[in-house]
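Student: Sequence first, predicted coordinates after that:
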Amino acid sequence: MRKSYLITYDICDPKRLRQVFRTMRNYGNHLQFSVFECHLNMVDFTRCQHELAEIIHHDEDQVLFIDLGPSASRSDHPIVALGKSYTPIGSPCIVL
């Protein structure tokens with residue numbers, strides 16, 4: 001079963017920040033600067049955590065995984081925006 005996650009990060013070093021961003025592009029939709037919405041099964045979730053754990057410095061950086069529940073129960077437009085409107089990216093997510 002796939003679950004939806006909001007994954008956000010605060011990375012202190014620009015090089016690690018780029019590495020985290022490139023890694024996250026393989027797992028979900030980029031919503032804002034350091035925020036991704038991901039629909040992951042348990043294997044992908046574990047793989048994502050492991051890959052990020054290899055990049056970050058655990059005493060300086062932070063990655064938050066916010067469980068939004070089962071992907072199947074979420075509506076097509078679960079994001080409400082104030083200010084500039086949110087436009088979902090139509091490209092598929094490819095996990096390698």
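Tutor: Arrived safely.
Student: So which residues of the protein form helices?
Tutor: Remark: helices assigned in the chain by DSSP state H are 14-25, 42-55.
Student: export these to a markdown table and tack on mean pLDDT and distance to Met1?
Tutor: Any C-beta I mention is one placed from the backbone N, CA and C, and that applies to glycine too. Conversion of the helices of the chain to a markdown table gives the following (pLDDT from 0 to 100; distance: least, C-beta to C-beta, whole Å):
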| stretch | mean pLDDT | distance to Met1 |
| --- | --- | --- |
| helix 14-25 | 97 | 21 |
| helix 42-55 | 97 | 8 |
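Student: Can you check which of those gets nearest to Ser34?
Tutor: helix 14-25 (7.7 Å; C-beta to C-beta).
Student: Quick check: bridge partners of the closest residue to Phe36 other than its chain neighbours?
Tutor: Nearest in space to Phe36, with sequence neighbours left out and distances taken as C-beta to C-beta, 6 or more residues apart in numbering, is Gly28 at 4.2 Å. Gly28 forms beta bridges with Cys38, as assigned by DSSP bridges.
Student: okay, Gly28: pLDDT?
Tutor: pLDDT, Gly28: 95.
Student: try Ile89
Tutor: 58.
Student: Over to Arg74?
Tutor: 63.
Student: same question, Ile79
Tutor: We note a pLDDT of 65 for Ile79 in this prediction.
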